[in-house]
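Enquirer: Could you work out the structure for the sequence below:
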Amino acid sequence: MVAGWLDTLRLPPGGFPGFIETYIAYAVWAGVQQLILQGLFLLLLLRVIPNERYAALTAAGLFALAHVPSLLLVPVTLVWGLVACLHFLRYRSLFPLMIAHAILGIAVAMTIPGPVDHNMRVGLSYLTYKPHTYAHRFQSSSQP
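Expert: Next up, the predicted model:
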């Protein structure tokens, strides 16, 4: 509601079909990230680090490191990674984490302007990001 009021609410092009296509793809990617974080890194770290909380914090740190250099995503993923790892350690269920990750990621994508979060890119694509420039329909493309 705040993003709509501030006129920063961003919906993907293509109306409702574009919305479904874009965010279904993101939801699948969010699920893959949770599978990698808890199903691979956290379980491997538990073999090396006997303290579950330290293993969870280390896994969350690696998850945040994967989102460098985004100044927005690094702290968000550190907190989410820790919460998700601790939840997984208690309940051993990935499905709710996949859904929550998808919802949180879509909320960020829809409410944070692209030039601020570089459309949630990380790594080299974050550094080479160029925001789209849209001309008004009555403005010629030759004008600056």
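
Enquirer: ok, and the closest non-adjacent residue to the spatially most central residue of the chain?
Expert: In the chain, the residue lying closest to the centroid (Cα atoms, centre = their mean) is residue 105, at 4.3 Å. Nearest non-adjacent residue to residue 105, counting by Cβ to Cβ, 6 or more residues apart in numbering: residue 30, 5.3 Å away. For glycine as for every other residue, the C-beta is placed from the backbone atoms N, C-alpha and C.

Enquirer: wait, what's in contact with the one you found?
Expert: The contact partners of residue 30, by Cβ atoms under 8 Å, 6 or more residues apart in numbering, come to 98, 101-102, 105.

Enquirer: ok so, going back, measure the residue nearest to the centre of the chain to residue 73 for me?
Expert: Residue 105 is 10 Å from residue 73, where distance means Cβ to Cβ, to the nearest Å.

Enquirer: Next, show the common contact partners of the two.
Expert: With Cβ under 8 Å, 6+ apart as the test, residue 105 and residue 73 both reach residue 120.

Enquirer: Most neighbours out of the contacts of residue 30, which is it?
Expert: Highest neighbour count within the contacts of residue 30, by other Cβ atoms under 10 Å: residue 101, with 24 neighbours.

Enquirer: For that one, which non-adjacent residue is closest in space?
Expert: Using Cβ to Cβ, 6+ apart, the closest residue to residue 101 is residue 30 (4.0 Å).

Enquirer: just to revisit the earlier point, give the contact list for the residue nearest to the centre of the chain.
Expert: The contact partners of residue 105, by Cβ under 8 Å, 6+ apart, come to 26, 30, 120.

Enquirer: same question, residue 45
Expert: Going by Cβ under 8 Å, 6+ apart, residue 45 touches 55, 58-59.

Enquirer: list the buried ones in the helix or strand where it lies?
Expert: Take DSSP states H and E as the rule and residue 45 turns out to sit in helix 43-48. By neighbour count on 16 or more other Cβ atoms under 10 Å, the buried set for helix 43-48 is 45-46.

Enquirer: Name the next helix or strand downstream of it, please.
Expert: Taking DSSP H and E, what comes next after helix 43-48 is helix 52-65.

Enquirer: Cool, thanks, talk later.
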